[in-house]
Each structure stands twice: as C-alpha cells, then as structure tokens.
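Enquirer: need a structure here:
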Amino acid sequence: MRSGRCLLLCVGVLACAQDPFEIQVFEYQPLPRGAYTYEAHINYASLQEQLHFSSELTAGLANQWRAGLVLLTAYVPGQGMEYAGVRILPHFYAPPSWNLPLNLGFVAEFSFERPMFNENTREVELRGIVEKHIGRLQLDGNLVFGRALRGPGAREGWELEPSGRIGWQASPNLTPSLEYYSSLGKFDQFLPVQRQIHLLLPGADWKMHDRLTWSFGVGLGATDASSRIILKSRFEFEFGRNHDATAAGVGKRH
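Expert: Model prediction:
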C-alpha cells in the first residue's frame, strides 16, 4: 500500500510536467481512409524510475480526419507490468483547398487512467498544431490546453503546456531534431519559473524502412520541477491498403 502511495505521488508530480506515456510533438499527419499506423511509445523518466509503454492504433477515417486509441501500461518496480488506462484521440487537419500558408491541425485527447497512476482519472487535452517547411527545415508547434474532469484537479481549470520541434532532414532516412516541452501552470495564472516545467529533448527520426520510423531522444530538465533525465523512444509502423497515398502525403506540406 505504501508503494502505491509513493507511486501516485511521483506520477502526480510528473503529470503536471510532461506526460510520461506519450512524449511527442504532434505534426501535420493526415491519413487517407483505409490507412493505419501503429505506434509503440517506450519512455523512461528519472523522477519516477519507471518504464512506460503505450500502444497506439490510429485509423484514417477520411483524408483530413483520423482517430486513435492508446493503451497505457507501465513497469512498476516491485510490482511488474501494470495496466494504466486508455486514451481516445480524434484528429482533424486543414485541407489543402483552404490554401493556408501553414499546415494546421487539431487533436482532442480524452484520457481515462487508473487512480494508481493519476489521481485525476479523467482528463481532456485540446491541442492546436502548426507546421512549416522551409527546404529541409521543419518547424512544428503545439499549443496545448489541458484540464482534469474528475479528481482533485477538476476545480483548477485549464493549464497551458506548449511544445515545439525543429527538425533538419540530413538525408532521406535521417532527420535530427530538437524538441521542447513545458508546463506553465493555470492559463490565467502561471506558476513561478522554478515550479514550471521546461524540457529539451535532442534526438532524431530514423526511417528504418518504407513503413517503419524510429523516433528517439534524451530529455534534459531545465528547472527544479523537471525530471532531470527522460529517455524517449517511439516506433511508428504504417499499414493498410492506402499506404502509398499516405507516403505521398494527402495534404500539401507548406
């Protein structure tokens, strides 16, 4: 019982900072109908000393709409592998017919987690996506608003957690990158700087096969409230009858 309370305390601290189950800056990635992706997120956070494993299956519903389902698990020292919860993610991406100078998208994330892993067992995130390509350079920004729907944090209101990514396509198969994650506190009242979360993750995307990409990085915390070290790894496998349309891109990249 004591170990469970300690686990909850650790997760509660990190949950305000950076989601240990999905460490990812979302990009402009439409999927045509009939195309699918499977993503395996494998992350380690020094603040918790736990290994988190998430399985995410996403289906293209239409050229600009996709939906994802995430199964959350974690390896807890002394207890083994534990089920942590599920998440549902509908995605929308602005179509090329809008003739926008930037690639824009929106993702809503509904989280249902066990109290053992998050005292706020129901949460929602609203994520705006902005992307711009300049030659080999790719810039991505996520503006994330999140709040608890059930649990002690339900009365706290919306919190702001912006993130971003800079990537440089060094070769057709390798894109080194620098990612940034933060948690600033309540939307209308930011936390003091030392209580905010600021993380930098240098890493890369390696296209190992036409349908398989490995994204990896090492995170470094910049404030006292941040995890000092985070190891991030994500494998993405594309499949389905419309894979070729996915590879070619169903939306124009700006």
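
Enquirer: now stretch 201-215: mean pLDDT?
Expert: Throughout stretch 201-215, pLDDT has a mean value of 96.

Enquirer: between the two ends of that stretch, how far is it?
Expert: Using CA to CA, to the nearest Å, one end of stretch 201-215 lies 11 Å from the other.

Enquirer: other residues contacting that stretch?
Expert: Residues outside stretch 201-215 that contact it (CB atoms under 8 Å, 6 or more residues apart in numbering) are 23-24, 167, 172-181, 216-220, 230, 232-239, 243, 247. Every C-beta, even on glycine, is put in place using the N, C-alpha and C of the backbone.

Enquirer: from Asn118, how far off is Arg195?
Expert: Noted for Arg195: a distance of 19 Å to Asn118, by CB to CB, to the nearest Å.

Enquirer: more neighbours, the two?
Expert: Asn118 (25 against 14; other CB atoms under 10 Å).

Enquirer: quick one, phi psi at the more buried one?
Expert: Dihedral pair for Asn118: phi -160, psi 120, per degrees, to the nearest 10.

Enquirer: same question for Pro96.
Expert: Dihedral angles (degrees, to the nearest 10) for Pro96: phi -60, psi -30.

Enquirer: so where is this structure shaky, pLDDT-wise?
Expert: 1-18, 46-48, 225-227, 242-253 (pLDDT under 70).

Enquirer: mind listing the helices for it?
Expert: 2-15, 243-248 (DSSP state H).

Enquirer: wait, doesn't Val70 sit right on Phe110?
Expert: No: between Val70 and Phe110 there is no contact under CB atoms under 8 Å: 10.2 Å.

Enquirer: who's more crowded, those two?
Expert: Each of Val70 and Phe110 has its neighbours counted (other CB under 10 Å); Val70 has more, 20 against 14.

Enquirer: against Ser54, how distant is that one?
Expert: Remark: distance between Val70 and Ser54 (CB to CB) = 5 Å.

Enquirer: check Gly151 too.
Expert: Gly151 is 20 Å from Ser54, by CB to CB.

Enquirer: what does Tyr181 give?
Expert: Per CB to CB, Tyr181 is found 16 Å from Ser54.

Enquirer: more neighbours: these two, which one.
Expert: Shown here are Tyr181 and Ser54; by other CB under 10 Å, Tyr181 has more neighbours (27 against 24).

Enquirer: contacts only, for that one.
Expert: The neighbours of Tyr181, taking CB under 8 Å, 6+ apart as the test, are 18, 23, 25, 161, 163, 197-199, 201, 219.

Enquirer: next one: Ser55
Expert: Counting by CB under 8 Å, 6+ apart, Ser55 touches 38-41, 70-71, 73.

Enquirer: how about 6 Å then?
Expert: Residues near Ser55 by CB atoms under 6 Å, 6 or more residues apart in numbering: Leu71.

Enquirer: return the distance of it relative to Ile229.
Expert: Distance of Ser55 to Ile229, given as CB to CB: 24 Å.

Enquirer: and for Pro152, the neighbour number?
Expert: Pro152: 10 neighbours (other CB under 10 Å).

Enquirer: mind checking how far it is from Gly128?
Expert: Pro152 sits 27 Å away from Gly128, taking CB to CB as the criterion.

Enquirer: distance of the spatially closest residue to Pro77 that is not a sequence neighbour relative to Gly78?
Expert: Distances taken as CB to CB, 6 or more residues apart in numbering place Glu49 nearest to Pro77, at 6.4 Å, with adjacent residues excluded. Distance from Glu49 to Gly78, counting by CB to CB: 11 Å.

Enquirer: the two: who's more crowded?
Expert: Counted by other CB under 10 Å, Glu49 and Gly78 do not tie: Glu49 has more neighbours, with 10 against 6.
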